[in-house]
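In: coordinates for the following, if possible.
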Amino acid sequence: MGDAFVTILFTDLVGSTALFTRRGDDAADAMRREHFDGLRRAIAEHGGQEIKSTGDGLMVTFDSAVAAARCAVEMQRTSELELRAGLDAGEPLRDDGDLYGTPVIVASRLCDAAESGEILASEMVARIAGPRLDAPVQLVGQLKLKGLNERVSAARLVY
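Out: Numbering: from 1, shown residues only. Next comes the predicted model:
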């Protein structure tokens, strides 16, 4: 069954294995917990709903593309650890509290394609949110994303 139109944000903590190796398990875990606390504060402030943790990241939905983009920008501005993020929008499928389908896949793959410290959004999200962000949007063109037959037109949200 389809869900309402939502914007999906994926985050990923970059270099978590290196963090644990460099800092040791206890110190790295404390830093990781603080990182996720900060992400969750930003999510709450922007009206997002956490769908699930992906281990090193979060999957979040928003009723507003502007709120999702602003949340991603705030996360990047305030995170002390390296973070990457991806956003897409659409009507995903819902099953037992989880979301599936093309918009989820695209948001996840954009996150995977992002460099450390980068936010990649589908062009649709960038066009909706861009004029209302206090940060520039740079079109990056058509990206070939893992598992998708068609290229995805993407943009970078600069913060």
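In: mind listing what's buried in stretch 105-123?
Out: For stretch 105-123, burial by neighbour count (16 or more other C-beta atoms under 10 Å) applies to 105-111, 113-114, 118-123. For every residue, glycine as well, the C-beta is placed using N, CA and C.
In: now for the residues you listed, which pair is the farthest apart?
Out: Comparing every pair within the buried residues of stretch 105-123 by C-beta to C-beta identifies I105 and E118 as the most remote, at 18.9 Å.
In: what ranges in this protein fall below the confidence cut-off?
Out: 1-3 (pLDDT under 70).
In: all helices for it, in order.
Out: 16-23, 25-45, 65-78, 102-113, 123-129 (DSSP state H).
In: for T7, find the nearest of these.
Out: helix 65-78 (3.9 Å).
In: give me the helices and strands touching the closest one, please.
Out: Helices and strands touching helix 65-78, by 3 or more C-beta pairs under 8 Å, 6 or more residues apart in numbering; DSSP states H and E, are strand 6-13, helix 25-45, strand 58-62, strand 83-90, strand 119-122, helix 123-129, strand 152-157.
In: contacts made by the shortest one with the rest, please.
Out: Going back to what we said before, that points to strand 119-122. 69, 72-73, 76, 84-89, 106-107, 110-111, 113-114, 129, 137, 140, 143, 152-157, 159 (C-beta atoms under 8 Å, 6 or more residues apart in numbering).
In: what's the closest of the helices and strands packed on helix 65-78 to D96?
Out: Using C-beta to C-beta, the nearest of the helices and strands packed on helix 65-78 to D96 is strand 58-62, at 14.2 Å.
In: so what does the closest one touch, helix or strand wise?
Out: strand 6-13, helix 25-45, strand 49-53, helix 65-78, helix 102-113.
In: quick one: distance of the last one to the chain centre.
Out: The reference is to helix 102-113. Helix 102-113 sits 9 Å away from the centroid of its parent chain (C-alpha atoms, centre = their mean, to the nearest Å).
In: what is the orientation angle of that helix with helix 65-78?
Out: Using axes from the mean of the first three to the mean of the last three C-alpha atoms, to 10 degrees, the direction of helix 102-113 lies 20 degrees away from that of helix 65-78.
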